[in-house]
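[1] Need a 3D model of the sequence below.
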Amino acid sequence: MTAVASPLRREAGPSYRGSTPAGRLQVVPKRKADMGAGSVRRRRLLACSVAAVAVACVLGLVVSHVALAQGQFRLEKLQGKAAEEQARYERLRLQVAQLESPSRVVAAAQERLGLVPPPGVTYLSPTGPVSGQPTEGSPDKGQESATEHWSSVKRQLAGR
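    All right, here's what the predicted structure looks like:
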């Protein structure tokens, strides 16, 4: 058999196969190597997609880690500031306690204002004045009279 050159064969180029001696075209079944051309494209597209998703995930992890680290730095800064303010609060409480102490108040009143302590203290009760110092007689008598007086006042208030 001799091969006859056909015009179609020249146009198709060197990769054309399957011509018949009479110049008729014939359908040639695809080879297995030719069947993978579309599959290779799909595989490349899939690989690029997977790579893009992986890069996006890594980038997302990096961004979230940076945000977490910034939050941690801010938290540490705020905790340090809170500790400083707590120490300042404690110092101020100590200063207030020292300034309010009775001995300091008495000393300041005597030094700055010229005040003197009273010679005696008189306490008032509902039955009359009672001296801060024991007087002659039993202190129980004053207590009994105050209790009796309170009982009568209580009865009057309950009647209203």
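[2] ok, then the element right after the helix or strand harbouring Ser49?
    Remark: Ser49 resides in helix 32-100, with elements defined by DSSP states H and E. Along the chain past helix 32-100, the next helix or strand (assigned with DSSP H and E) turns out to be helix 102-112.
[3] what is the mean pLDDT for that following helix?
    Here helix 102-112 scores 90 as its mean pLDDT.
[4] Report the inter-axis angle for it versus helix 32-100.
    Taking axes from the mean of the first three to the mean of the last three Cα atoms, to 10 degrees, one finds helix 102-112 and helix 32-100 inclined to each other by 50 degrees.
[5] neighbouring contacts of helix 102-112?
    The set of residues external to helix 102-112 that reach it, using Cβ atoms under 8 Å, 6 or more residues apart in numbering, is 98, 115-117. Yep, even glycine has a C-beta here, placed from its N, CA and C like the rest.
[6] May I see the buried residues of that helix?
    Of the residues in helix 102-112, none are scored as buried under the neighbour-count criterion (16 or more other Cβ atoms under 10 Å).
[7] Parallel or antiparallel, list what pairs with whichever helix or strand comes after it.
    Toward the C-terminus, helix 102-112 is succeeded by strand 122-125 as the next helix or strand (DSSP H and E). Using DSSP bridges, the strands paired with strand 122-125 are strand 128-131 (antiparallel).
[8] got a winner among the contacts of helix 102-112 for most neighbours?
    Each of the contacts of helix 102-112 was scored for neighbours by other Cβ atoms under 10 Å, and Leu115 scores highest at 11 neighbours.
[9] If we ignore the residues flanking it in sequence, what's nearest that one?
    For Leu115, ignoring the flanking residues on the chain, the nearest one in space by Cβ to Cβ, 6 or more residues apart in numbering is Ala109 at 4.3 Å.
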